[in-house]
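1. How does the following fold in three dimensions:
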Amino acid sequence: MTKPPAELLEFLHPYDPPIQSLGLGLRKVVLEEMAPCHEYIFAMRSKVVLLYGSSERVIADCICSIALFRRHATLMFHRGVDLEDTYGMLRGSGKLMRHLRFQQLSELDRPELRAYLRQARKQSGLKRMRRTSSDDVVTRVKRSSPTRRPLLPRMF
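-> Take a look at the predicted model:
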């Protein structure tokens, strides 16, 4: 499977090692089930976000995303309301999104996780290839923007 980009590792550096492992493990599971796909990685104030979609328009065509927080990781399904919640694990009450929350690496071994990912992939129309390689994932990283300069007071 594809190695994590150096920028992702840099984004994860401030997190405790168990959360770093959880994030990288969840990314590995998602890529195993979603590839071929497009991945878009960026950092926000309180989290690192990884989006997965069927085209280069990852934000518009997002199937699922990972959000890494200080103490947990969340796998969000952007059309989760349309998923069949056979296992009763999906959380959320919004109009579209549903999510799964993870706090330990061992939780990633649950077969229900892969079942939800497969269902979301199938629902999106993303075609599955028999053999996957690192070329099957197109990764883009939004680098941190430089610190903005404060606005100068207006003279008029």
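
2. Just to be sure, residue 140 is in a strand?
-> Yes - under DSSP: H, G, I helix; E, B strand; the rest coil, residue 140 sits within a strand.

3. who's in contact with it?
-> Listed by C-beta atoms under 8 Å, 6 or more residues apart in numbering, the contact partners of residue 140 are 38, 39, 40, 41, 58. Placement of C-beta: from N, CA and C, glycine included.

4. Which members of these are the farthest-apart pair?
-> 38 and 41 (10.9 Å; C-beta to C-beta).

5. which residues are in contact with both of those two?
-> Common neighbours of residue 38 and residue 41 (C-beta under 8 Å, 6+ apart) are 139, 140.

6. so which strand or helix has residue 30?
-> Per DSSP states H and E, residue 30 falls inside helix 17-34.

7. Which positions in stretch 98-113 come out as buried?
-> For stretch 98-113, the neighbour count (16 or more other C-beta atoms under 10 Å) marks 98, 99, 100, 102, 105, 108, 113 as buried.

8. any idea which of these is closest to residue 6?
-> residue 105 (22.1 Å).

9. so the closest one touches residue 18, yeah?
-> Yes - the pair residue 105 / residue 18 is scored as a contact, 7.0 Å apart, by C-beta atoms under 8 Å.

10. Helices along the protein, start to end?
-> 6-12, 17-34, 111-124 (DSSP state H).
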